[in-house]
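Asks: the sequence and its predicted three-dimensional model are supplied below.
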Amino acid sequence: MIYALDANIISYFLKGAGKVEECFDREIIRAGNTYVIPPVVVYELRRWLHDNPTPNLLKFAKELDALYRSVRNRAEMSAASWEKAAEIYIELKQKGKLIDEADIFIAAYCIVNNYVLVTNNTRHFERIADLKHVNWC
């Protein structure tokens, strides 16, 4: 199984949130699964780091870079992912339940690549029918 880590999970992981670390250890390390960081999540985190400078910014940025470099699978956003994102957008808009576009891109990326999204934002992502997701928080 391949897990795709959402920005909030990476943030919790780098801050040392025990529950997320335990799940990462159990689901990735001990179970022999792998993980990816969706390209849109890298964008979200870098944007957040730029917009919210803190004394720990440099340390967090270095940890993020190390985490991203350690990822074995780095699938880019394919044409199929962009097409799926458009389908998700149309479906959610018709239902009157739109979510942030970045979340739509992340969901499409996960669906097309058959990844399980790990997120603490289940309220938004549960609106997307084909998306497999879990919450490690």
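Replies: All right, it came through fine.

Asks: measure Leu14 to Ala107 for me?
Replies: Counting by CB to CB, to the nearest Å, the gap between Leu14 and Ala107 amounts to 23 Å. C-beta coordinates here come from the backbone N, C-alpha and C atoms, glycine included.

Asks: next one: Glu126
Replies: 11 Å.

Asks: cool, and Pro38?
Replies: As judged by CB to CB, Pro38 and Ala107 stand 9 Å apart.

Asks: now the helices for the protein?
Replies: Using DSSP state H, the helices of the chain run over 7-14, 18-24, 39-51, 57-70, 79-95, 101-113, 122-125.

Asks: Gly32: which of these is closest?
Replies: Evaluated with CB to CB, those place helix 18-24 nearest to Gly32, the distance being 13.1 Å.

Asks: which strands or helices does the closest one pack on?
Replies: Other elements packing on helix 18-24 under the criterion 3 or more CB pairs under 8 Å, 6 or more residues apart in numbering; DSSP states H and E are helix 7-14.

Asks: who does the helix it packs on touch, helix- and strand-wise?
Replies: Identification of packing neighbours for helix 7-14 by 3+ CB pairs under 8 Å, 6+ apart yields helix 18-24, helix 39-51, helix 57-70.

Asks: between helix 39-51 and that helix, find me the angle.
Replies: Comparing the axes of helix 7-14 and helix 39-51 via axes from the mean of the first three to the mean of the last three CA atoms, to 10 degrees yields an angle of 60 degrees.

Asks: what are the C-alpha coordinates of stretch 107-114, in PDB please?
Replies: This file holds the C-alpha atoms of stretch 107-114, laid out as PDB (Å, rounded to 0.1, in the frame of the first residue of the first chain):
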ATOM      1  CA  ALA A 107      -7.600  14.000  -4.100                       C
ATOM      2  CA  ALA A 108      -7.300  13.600  -7.900                       C
ATOM      3  CA  TYR A 109      -3.600  12.700  -7.600                       C
ATOM      4  CA  CYS A 110      -4.400  10.000  -5.000                       C
ATOM      5  CA  ILE A 111      -7.300   8.600  -6.900                       C
ATOM      6  CA  VAL A 112      -5.500   8.300 -10.200                       C
ATOM      7  CA  ASN A 113      -2.400   6.700  -8.600                       C
ATOM      8  CA  ASN A 114      -4.400   4.500  -6.200                       C
END
